[in-house]
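**Q** Task: produce atomic coordinates for the following.
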Amino acid sequence: MNTIVSYNTVLYKPDEYSKLIKKLICVVKTRKAKKNFDCIAFRGTSGAAAAYPISASTKIPIACVRKKGDSEHALQKVEGVWNANSYAIIDDFVVSGETVHEIVKAMKESSPQAKLTTLFLYGNSARHETIKEIRKVCKLSKLVDIVILYDEK
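**A** Below you'll find the model as predicted:
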């Protein structure tokens, strides 16, 4: 069977994906104890691929932020949690920082009091490989933890 994938091949390999999700669940539980976020926010397939199973396992509610113009299945920009006090973002990797910016913007609109505490990254196609680079491109304060868990090759 052939699989055509441009990035994040781990999502299309059930054994590797299962191992990745187990690792992410452990990391999220550990970080939640330290940073105490009450919601996981995500956008797109890459965020959803991690957010749904993590939420199911940890019982941490999620907020799905729709991409601009994506109103196919929802009327609102944010689905799920609308009253978070603090939240984490989960995504595969950072290229331009747009996804993080859009999630932060949408969360401010739906939960104005909510503060971003943690950014979880799990992919293997990162253009920015250091925390300093990621913090700069995403314009994140030093109060936001950045957790990088790239899949191993």
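
**Q** Strands of this protein, start to end?
**A** 40-42, 62-65, 78-80, 86-91, 115-121, 145-148 (DSSP state E).

**Q** Just send those strands back as TSV, with distance to residue 18, mean pLDDT and mean neighbour count too.
**A** Every residue, glycine included, has its C-beta placed from N, CA and C. Listed next are those as TSV, based on distance: least, C-beta to C-beta, whole Å; pLDDT from 0 to 100; neighbours: other C-beta atoms under 10 Å:
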stretch	distance to residue 18	mean pLDDT	mean neighbour count
strand 40-42	19	97	28
strand 62-65	20	94	23
strand 78-80	24	87	18
strand 86-91	17	96	24
strand 115-121	18	94	22
strand 145-148	20	91	18
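
**Q** Would you reformat the ones you listed as TSV and include distance to residue 23?
**A** Shown next, in TSV, are the strands of the chain (distance: least, C-beta to C-beta, whole Å):
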stretch	distance to residue 23
strand 40-42	15
strand 62-65	19
strand 78-80	23
strand 86-91	13
strand 115-121	11
strand 145-148	11
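
**Q** Please name the nearest non-neighbouring residue to the residue nearest the centre of the chain.
**A** Note on the chain: the residue nearest the mean C-alpha position is residue 90, at 1.2 Å, using C-alpha atoms, centre = their mean. Closest residue to residue 90 apart from its sequence neighbours, by C-beta to C-beta, 6 or more residues apart in numbering: residue 120 at 4.4 Å.

**Q** gap between that neighbour and residue 76?
**A** For residue 120, the distance to residue 76 (C-beta to C-beta, to the nearest Å) stands at 24 Å.

**Q** Also residue 141?
**A** Distance, residue 141 to residue 76, by C-beta to C-beta: 27 Å.

**Q** The lengthiest helix in the chain vs strand 115-121, what angle?
**A** Longest helix in the chain, counting residues (DSSP state H): helix 14-35. Orientation note: helix 14-35 sits at an angle of 150 degrees relative to strand 115-121 (axes from the mean of the first three to the mean of the last three C-alpha atoms, to 10 degrees).

**Q** Buried residues, helix 14-35. List them.
**A** By 16 or more other C-beta atoms under 10 Å, the buried positions in helix 14-35 come out as 17, 20-21, 24-25, 27-28, 31-32, 35.

**Q** can you tell me which of the strands of the chain comes nearest to residue 134?
**A** strand 145-148 (5.5 Å; C-beta to C-beta).
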